[in-house]
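[1] give me a 3D structure for the following:
(chains A and B)
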Amino acid sequence: GESVGLHLPTLSVQEGDNSIINCAYSNSASDYFIWYKQESGKGPQFIIDIRSNMDKRQGQRVTVLLNKTVKHLSLQIAATQPGDSAVYFCAENEDNNNDMRFGAGTRLTVKP
Amino acid sequence: NAGVMQNPRHLVRRRGQEARLRCSPMKGHSHVYWYRQLPEEGLKFMVYLQKENIIDESGMPKERFSAEFPKEGPSILRIQQVVRGDSAAYFCASSPITVNGNTIYFGEGSWLTVV
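    Next comes the predicted model:
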C-alpha cells in the first residue's frame, strides 16, 4: 500500500554538525509535505513545509529538499544543537485527502 | 493566542471503562483532526471533523470509538469499553481550513493507559 517511510530510524550527530534526515514516500499524487519535530511527551511541532511545485525551501537553520522524481524528501538542520534532539516525522498530503500521512519517524540525538 | 488544547493530558482507565478525550482547537480554527500514536511509531489518522459534521472517519475503528465536534464546546473522542490495546497517545490537531495543502497544528496529546 501507499506509505511514507524513512531511511534511517536513528541518527546521532555531534553538536555543531549539520544533520540530514531523509524520507521516502510512495504516493506520487502527494503534493504537500511537512516536517514535524516531536519531543518526548509532547505533540508534533511544525518545522517547515513544502509544496510539490518547489524543490527547496529554507527556514531558520532548516532546509527541506523535495525530489519528486525519486519521491524523496529531506530535512537539513544546520549547526545542530542539543535542543534539536527529538523524533522527526515527515508527513504528506494529497489534495483530495483529508489527512496527513506520517512516517515512522527518525530519532535525532545530538551529542555535546 | 492559545494553541490546540487537549485534556486530560494523562488518563488511566480499567478495562471495560469509558475514556473521553477533549480537544479545543486554536482560535479561529473550525477543522479538527484526531490521530493516534503508539510508542515509537508515527501518527495514524483517525477522524476529521468540522463543527457538527464528521467529514472523514476512515481511520476510526468500527466499534467502540466515536467522535463529535458540537456547535459549542470542544471536540470529544470517546472510547467505550476500553481494552489494553487502546493504550496510546491521542493527538488532536486543527486548521483554519481543510488540511489539503495547509498546515495543521497539534495539541500536546492525551496519554491513555488501560490497566
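[2] how far away is A:Met54 from B:Lys44?
    Applying Cβ to Cβ, to the nearest Å, the value for A:Met54 to B:Lys44 is 28 Å. All C-beta atoms are positioned from the backbone trio N, CA, C, and that covers glycine.
[3] ok, A:Pro82 next?
    Taking Cβ to Cβ, one finds A:Pro82 at 30 Å from B:Lys44.
[4] more neighbours: those two, which one.
    Neighbour count, other Cβ atoms under 10 Å in any protein chain shown: between A:Pro82 and B:Lys44, B:Lys44 has more, with 16 against 10.
[5] now name the helix or strand holding the spatially closest residue to that one that is not a sequence neighbour.
    The spatially closest residue to B:Lys44, leaving aside those adjacent along the chain, is B:Arg36, at 5.1 Å (Cβ to Cβ, 6 or more residues apart in numbering or on different chains). Per DSSP states H and E, B:Arg36 falls inside strand B:31-37.
[6] buried ones in that strand, by neighbour count?
    For strand B:31-37, a neighbour-count test (16 or more other Cβ atoms under 10 Å in any protein chain shown) marks B:31-37 as buried.
[7] alpha carbons of that strand, as PDB, please.
    The C-alpha trace of strand B:31-37 is given here as PDB (Å, rounded to 0.1, in the frame of the first residue of the first chain):
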ATOM      1  CA  HIS B  31     -11.400  21.900  11.400                       C
ATOM      2  CA  VAL B  32     -10.400  19.200  13.900                       C
ATOM      3  CA  TYR B  33      -8.400  16.000  13.400                       C
ATOM      4  CA  TRP B  34      -7.700  13.200  15.700                       C
ATOM      5  CA  TYR B  35      -4.600  11.000  15.500                       C
ATOM      6  CA  ARG B  36      -3.400   8.000  17.500                       C
ATOM      7  CA  GLN B  37       0.200   7.300  18.200                       C
END
